[in-house]
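Engineer: Fold the following and give me the result.
(chains A, B, C and D)
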There are 2 protein chains.
Amino acid sequence: MTSLSEPAERLALALADGGMQRSTARVLAGLLFTDQEAMTAGDLVDTLGISSGSVSTALKSLSTVGLIERVPAPGSRRDHFRVREGAWATLMSSQNTAVAIMRDAAEQGIATAGANSPAARRLVEMRDFYDYLWKELPAVIERWREQRSGS
Amino acid sequence: MTSLSEPAERLALALADGGMQRSTARVLAGLLFTDQEAMTAGDLVDTLGISSGSVSTALKSLSTVGLIERVPAPGSRRDHFRVREGAWATLMSSQNTAVAIMRDAAEQGIATAGANSPAARRLVEMRDFYDYLWKELPAVIERWREQRSGS
DNA sequence: TCGTCTCTTCAAAGATTTTTGAAGAGACGG
DNA sequence: CCGTCTCTTCAAAAATCTTTGAAGAGACGA
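Structural biologist: Numbering: from 1, shown residues only, chains lettered A, B, ... in the order given. Below is the predicted model:
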């Protein structure tokens, strides 16, 4: 049983702070920092020292959000996984949902608050900000993708 | 004891999903959606139905990160609080710290990984992405501030 | 200075989330 | 089809995080 490097554990902590489950974050960090091309669930159990159940749950959730992918492994019964290209842009994009929720909450508050009330003033500022982000963030990521493929 | 509106509670949930403590999120939502100019700790206890201890902790942490401010209230012993102008931009900016942590974790991983190893390739992509965000996000917020003051 | 009102702190209780481990489903080669 | 190996699921246990409530510190007016 090997174990995760210091920077890998630190990354996992940061991801967990951002709301990702701890085991899920450690699995992602494990897949990122390994020197193998891909890892199996068993590899991860050994590396991380967690149960196979946790690894299974983590792999499923990372696959669902598109951060990792199952990789063909001819001649092996076990599934091999690796971090997908562009995973970080994907992770960032998923934040857009949060932005939309904020904007919509503000929008609905405005509908309820009396015009010119203090609440309305605050909520309009909030709505405008998140509406701005809602338009800008995808553009930021798009520029990244262009820059990356262009160079 | 009044209670928080539906959109306010939804907003609190969204903030909690993003990592903010639940009571803290509800306090912020309360301050945002109230029709008063400012609220006291007692107001919040009544509105939210939580203990004074929780309110105190929440107010302190929101003040620390710059989302709310204490407001002068002549003739009252109680402290009055309100959401600060530009709070949302502040909240967004604090995400920059998370971006830096990600970039640095990648950087350190690169230093450890063998050149041309699979790990190094993945980590360089990650480092470049977060380095890009590290530069771009402050610019996005700056453009918002300009646009807002300019109109 | 005293009395009162408000705010803060923190240990214990409570709630929630996460992990485990074992049972069983699934898949594949023989 | 059978046996084996792997993966998934889920209830119970463990760990963690949050809230409470009460004690006490602080501040202010009289």
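Engineer: C-alpha from now on. contacts and neighbour counts both.
Structural biologist: Fine.
Engineer: any residues touching stretch A:98-117, and which ones?
Structural biologist: A:119-120, A:123-124, A:126-128, A:130-131, A:133-134, B:7-8, B:10-11, B:14, B:18, B:33, B:35 (C-alpha atoms under 8 Å, 6 or more residues apart in numbering or on different chains).
Engineer: If you count neighbours, what's buried in it?
Structural biologist: For stretch A:98-117, burial by neighbour count (16 or more other C-alpha atoms under 10 Å in any protein chain shown) applies to A:98-107, A:109-110, A:113.
Engineer: Over to stretch A:8-27?
Structural biologist: By 16+ other C-alpha under 10 Å, the buried positions in stretch A:8-27 come out as A:8-18, A:20-27.
Engineer: Does chain B have contacts with it?
Structural biologist: Yes - interface with chain B: stretch A:8-27 contributes A:8, A:10-11, A:14, A:17-19 (C-alpha under 8 Å from any C-alpha of the partner chain).
Engineer: which outside residues touch that stretch?
Structural biologist: So stretch A:8-27 is contacted by A:28-30, A:33, A:44, A:48, A:50, A:54-55, A:57-59, A:61-62, B:17-19, B:98, B:101-102, B:105-106, B:109 (C-alpha under 8 Å, 6+ apart).
Engineer: Mind pulling the model confidence for the residue nearest the centre of chain A?
Structural biologist: Nearest to the geometric centre of chain A sits residue A:91, at 3.5 Å (C-alpha atoms, centre = their mean). We have a pLDDT of 95 for residue A:91.
Engineer: Same question for residue A:61.
Structural biologist: Residue A:61 is given a pLDDT of 97.
Engineer: Same check on residue A:151?
Structural biologist: 67.
Engineer: Likewise for residue A:114?
Structural biologist: Taking residue A:114 on its own, its pLDDT is 87.
Engineer: which element is it on?
Structural biologist: Counting by DSSP states H and E, there is no helix or strand that carries residue A:114.
Engineer: Ok, residue A:148 next?
Structural biologist: Here residue A:148 is assigned to helix A:118-150, by DSSP H and E.
Engineer: in that helix, what counts as buried?
Structural biologist: So, applying 16+ other C-alpha under 10 Å, buried residues of helix A:118-150: A:118-123, A:125-134, A:136-137, A:140-141, A:144.
Engineer: what's the helix or strand for the residue in chain A sticking out farthest from the centre?
Structural biologist: Distance to the chain centre peaks in chain A at residue A:116, reaching 38.9 Å (criterion: C-alpha atoms, centre = their mean). Residue A:116 belongs to no helix or strand when assigned by DSSP H and E.
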